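Peer 1: dropping the sequence and predicted coords here.
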Amino acid sequence: HYRLLGLHTLPGAIAALALLVNKDIYRVGRIFWLVTGIVTWGGMLWSGGRTPVIALGVAVVGWAVLSPVLVRRELLRFSGLLLIAGLALSAAFWTPNPELGWWHAIGRTATAASTGSVSQLSSTRTDFWLAVVQRAKDALWFGHGPDAYRFLTPKLDGQQPHNFILQFWLDLGVVGAVPLLVLLGGALVFGWRQTLQTKSPMAQAWLAVLTASLVAGLLDGVFYHLLAFLPAMLAVGVAIVFISRPVPPALSSQTPKLIVGFASLVSLVHLCVFYLVAVAPPPAPTSWQARTVRIFPSTTFGLWRWLDDWQQTHPADVLEWTRWAQTHSPNPVFFHVYAADLLKAQGHRAEAKTELEAALAEAHWSVRPSIEARLRDLPAPGR
């Protein structure tokens, strides 16, 4: 999505500013960091997203307020220079695409503000925030599980709630969300407090990245998209190390290593499952590959390749697998429609109608017209 460019370049915009202001961190000429900063800020502004601009503004202002006077002057001077040059550079790559460019972002905001609609001003975020709150209440304490937003029906806009607090609550419930929020908030607050004493320019830069990431995460998917998530977690780690006292070797624990090892193993299994489903030649329904996917169904992306192949080689298994996929896929609508087509071809009109009605109930509003058209095209009873 176009806005991801802005989220991905946001940490880079702060890094360029930090290296420009604190030239002693890396002894490279300021011209180099100035050019780097202009390109990075220009790319962020060209993406047309308002969230990274807001997050960058909050981070830079907070960074300046909590910095010594001389550093504050440098921050304001160079951030103003980068902003002006970034605006000019991005404008040089003007595009009529209404989703790209800061000039279109200003136009969209002005249009939405003139309507007085909070939903339009927030790009409908408030609509699915309210929907997420209602769903989170259904599993208040322990949540619905990871990626729960993608499995909500009927389908909501996007792939995540565009707010990390709601995402944690929906996925993990109060029991899981509160410790994570305490960790993030503690890293931010105590990290900035520690920098007031040490005046460490490197720590301040990382805390500015963390500040921007958290602000952006309240409005978009920083904790969902990998290239925005990684620098945010690096910033959390730097903040925790910065405010922590050294632990004697005798008191160190093996628990972190065990956790990392287990997480790596799970990731490896998922990688294998993804390769089997999305890339490798379709196996037989009773093969070890198929059984592995049934035991560890971390993805159904590409499963239609198997179903298409089995219609020729194992037709008796296709419908059962299709219905299994409906309960494990974040996009069950596709597999309801797939089952409906199978049943229609076999002459089972009533069952095909049931599958399409299930798809209609779970579908995003934008695809419902096509499902309704399929319902109308079903042959009349008795034909």
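Peer 2: Received, thanks. Because the structure is a prediction, the values reported are computed rather than measured. Numbers count the residues shown, from 1 in each chain.

Peer 1: state the distance from Ser122 to Thr51.
Peer 2: As judged by Cβ to Cβ, to the nearest Å, Ser122 and Thr51 stand 11 Å apart. All C-beta spots, glycine's among them, are computed from the backbone N, C-alpha and C.

Peer 1: quick one: which of the two has more around it?
Peer 2: Ranked by neighbour count (other Cβ atoms under 10 Å), Ser122 and Thr51 place Thr51 first, with 24 against 16.

Peer 1: can you tell me which residues contact the more buried one?
Peer 2: Going by Cβ atoms under 8 Å, 6 or more residues apart in numbering, Thr51 touches Arg3, Gly6, Leu7, Ala216, Leu219, Asp220.

Peer 1: stretch 200-216 - what's its average pLDDT?
Peer 2: In this model, stretch 200-216 has an average pLDDT of 94.

Peer 1: mind checking what helix or strand follows the host helix or strand of Trp169 in sequence?
Peer 2: Secondary structure from DSSP states H and E places Trp169 in helix 164-198. Where DSSP H and E defines the elements, the next helix or strand beyond helix 164-198 is helix 201-217.

Peer 1: elements contacting the next helix or strand after that next one?
Peer 2: Later in the chain than helix 201-217, the nearest helix or strand by DSSP H and E is helix 226-243. Other helices and strands packing on helix 226-243, by 3 or more Cβ pairs under 8 Å, 6 or more residues apart in numbering; DSSP states H and E, are helix 2-21, helix 164-198, helix 201-217.

Peer 1: please tell me how far helix 226-243 is from the chain's geometric centre.
Peer 2: Counting by Cα atoms, centre = their mean, to the nearest Å, helix 226-243 is centred 16 Å from the centre of its parent chain.

Peer 1: report the angle between it and helix 164-198.
Peer 2: Going by axes from the mean of the first three to the mean of the last three Cα atoms, to 10 degrees, helix 226-243 is angled at 40 degrees with respect to helix 164-198.

Peer 1: what average pLDDT does helix 226-243 get?
Peer 2: Here the average pLDDT along helix 226-243 is 92.

Peer 1: now swap in stretch 177-195 and tell me
Peer 2: 94.

Peer 1: and what of stretch 275-288?
Peer 2: Mean predicted confidence for stretch 275-288 is 96.

Peer 1: and what of stretch 326-343?
Peer 2: The average pLDDT within stretch 326-343 is 95.

Peer 1: how about the secondary structure of the residue nearest to Asp138 when sequence neighbours are not counted?
Peer 2: Counting by Cβ to Cβ, 6 or more residues apart in numbering, His144 is the residue found nearest to Asp138 once chain neighbours are left out, at 7.6 Å. With DSSP: H, G, I helix; E, B strand; the rest coil as the basis, His144 sits in coil.

Peer 1: burial of His144, as a residue count?
Peer 2: For His144, using other Cβ under 10 Å, the count is 18.

Peer 1: do Leu56 as well
Peer 2: Considering only other Cβ under 10 Å, Leu56 is surrounded by 28 other residues.

Peer 1: that one is in what secondary structure piece?
Peer 2: Going by DSSP H and E, Leu56 is in helix 51-65.

Peer 1: of the helices and strands packed on helix 226-243, which is nearest Phe262?
Peer 2: helix 164-198 (17.2 Å; Cβ to Cβ).

Peer 1: quick one: list the elements packing against that closest one.
Peer 2: helix 125-138, helix 148-151, helix 201-217, helix 226-243.

Peer 1: list the buried ones in the helix holding Trp169?
Peer 2: 164-173, 177, 180, 184, 187-188, 191-192, 194-195 (16 or more other Cβ atoms under 10 Å).

Peer 1: please apply the same query to stretch 86-93.
Peer 2: Buried residues in stretch 86-93 (16+ other Cβ under 10 Å): Gly86, Leu87, Leu89, Ser90.

Peer 1: how far away from the center of its chain is that stretch?
Peer 2: 27 Å.

Peer 1: residues making contact with that stretch?
Peer 2: Here stretch 86-93 has contacts from 37-46, 101-103, using Cβ under 8 Å, 6+ apart.

Peer 1: can you lay out these as JSON lines showing neighbour count?
Peer 2: Formatted as JSON lines, these follow (neighbours: other Cβ atoms under 10 Å):
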{"residue": "Gly37", "neighbour count": "27"}
{"residue": "Ile38", "neighbour count": "20"}
{"residue": "Val39", "neighbour count": "17"}
{"residue": "Thr40", "neighbour count": "22"}
{"residue": "Trp41", "neighbour count": "28"}
{"residue": "Gly42", "neighbour count": "23"}
{"residue": "Gly43", "neighbour count": "19"}
{"residue": "Met44", "neighbour count": "24"}
{"residue": "Leu45", "neighbour count": "27"}
{"residue": "Trp46", "neighbour count": "25"}
{"residue": "Gly101", "neighbour count": "21"}
{"residue": "Trp102", "neighbour count": "21"}
{"residue": "Trp103", "neighbour count": "16"}
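
Peer 1: export the residues you listed as CSV, with columns for secondary structure and distance to Pro68.
Peer 2: Below are the contacts of stretch 86-93 laid out as CSV (DSSP: H, G, I helix; E, B strand; the rest coil; distance: Cβ to Cβ, whole Å):
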residue, secondary structure, distance to Pro68
Gly37, helix, 21
Ile38, helix, 26
Val39, helix, 28
Thr40, helix, 25
Trp41, helix, 24
Gly42, helix, 29
Gly43, helix, 30
Met44, helix, 27
Leu45, helix, 29
Trp46, helix, 33
Gly101, coil, 36
Trp102, helix, 31
Trp103, helix, 36
